[in-house]
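[1] following is a predicted model, sequence given first.
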Amino acid sequence: MIEVSGYTKRYGRHEAVSNLSFSVQPGGVFGLLGSNGAGKTTTIRALVGLTRPTSGTVRVQGFDVWADPVKAKEAFGYIPDRPYLYGKLTARELLRFVGQLYRVPNADPEIDRWLELFRLTDYGNELIETYSHGMRQKVAIVAAMLPDPPVLIVDEPMVGLDPHAARQVRELFRAHADRGRTVLLTTHSLPLAEAICDRLVVLDRGKVLGEGTMDDLRARTGTAAGGVHGDSLERIFFRLLEEELAEAESRKAEAMG
Ligand SMILES: Nc1ncnc2c1ncn2[C@@H]1O[C@H](COP(=O)(O)OP(=O)(O)OP(=O)(O)O)[C@@H](O)[C@H]1O
């Protein structure tokens, strides 16, 4: 499980994330949505131990990521938006290394299975530096999934993936949660969020605009059911942004008297 409590991150005088709290229970896929610069990556980077919170706490599987980093890091797999992979290794070498690091039992057949799944078998012994962007993204996904982590943290998973791989990845994340694991992802893809997220937080300029299940967000934005599936997340998202803009305008008007 993931627990973010009162998380605030300041860069100089700029507050990138303000007092953010949410938790993700095992069995759930949680989506962190928001416009460019909303604070999604900043939140993810705190959760994976890359950017220290200015205040607040972030915990993974009950371990404070900053007070107990090794225990926390053993518990999660992380797929960054721009993965760094060792170009001078082959995919197979890199994945064996990950398997050893996380003490994955009998890793070789697992690695073969993953490479096959992502249609990388023919390239498994080629250097990663020769891979396309999408192929690298697939290797990063396999590296995170190979240890079968209790918690999966994903920043923009679909960038660069072809439609076949994108569908596979969507199903993988959902299946991971359905096996009692925890998944947190950021995405700009509203259809992806709508398809697999149980709960969502919509951020804008570091603040929470809306939070809850799709039904909660529909109720909150007054975009209640239209058609068989009700209003789409896209409509809810824009409604939340419009509300925030209108509030900001009225605050400005009040301040000016
Ligand atoms: N290292 C940094 N130094 C200063 N400001 C930063 C730094 N990293 C992020 N920021 C600022 O924090 C804010 C949030 O950025 P963040 O990368 O978290 O947004 P995001 O929601 O992931 O956006 P995108 O969808 O564009 O990836 C932005 O205003 C950004 O300029």
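    Everything's here; your move.

[2] list the beta-bridge partners for the residue nearest in space to the middle of the chain.
    The centroid of the chain falls nearest to residue 185 when counting by Cα atoms, centre = their mean (2.0 Å). Residue 185 has these beta-bridge partners by DSSP bridges: residue 31, residue 154.

[3] and it, how far from residue 166?
    Going from residue 185 to residue 166 by Cβ to Cβ, to the nearest Å gives 13 Å. Every C-beta, even on glycine, is put in place using the N, C-alpha and C of the backbone.

[4] again with residue 245
    Counting by Cβ to Cβ, the gap from residue 245 to residue 166 is 31 Å.

[5] can you check residue 145 too?
    15 Å.

[6] and stretch 73-85, end to end?
    18 Å (Cα to Cα, to the nearest Å).

[7] and what of stretch 105-124?
    20 Å.

[8] tell me where the stretch 101-250 of the chain has strands.
    151-155, 182-186, 199-204, 207-212 (DSSP state E, counting those that start in this stretch).

[9] could you save these as a markdown table and add columns showing distance to residue 89?
    Below are those laid out as a markdown table (distance: least, Cβ to Cβ, whole Å):
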| stretch | distance to residue 89 |
| --- | --- |
| strand 151-155 | 22 |
| strand 182-186 | 26 |
| strand 199-204 | 36 |
| strand 207-212 | 40 |
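
[10] pick the most deeply packed of those.
    strand 182-186 (a mean of 26; mean count of other Cβ atoms under 10 Å).

[11] chain center to that one: distance?
    4 Å (Cα atoms, centre = their mean, to the nearest Å).

[12] what angle sits between it and strand 151-155?
    If you take axes from the mean of the first three to the mean of the last three Cα atoms, to 10 degrees, strand 182-186 sits at 10 degrees to strand 151-155.

[13] what's the burial count for the nearest residue to residue 198 once chain neighbours are set aside?
    The shortest distance from residue 198 to any residue other than its chain neighbours is 4.6 Å, reached at residue 28 (Cβ to Cβ, 6 or more residues apart in numbering). Using other Cβ atoms under 10 Å, residue 28 has 19 other residues around it.
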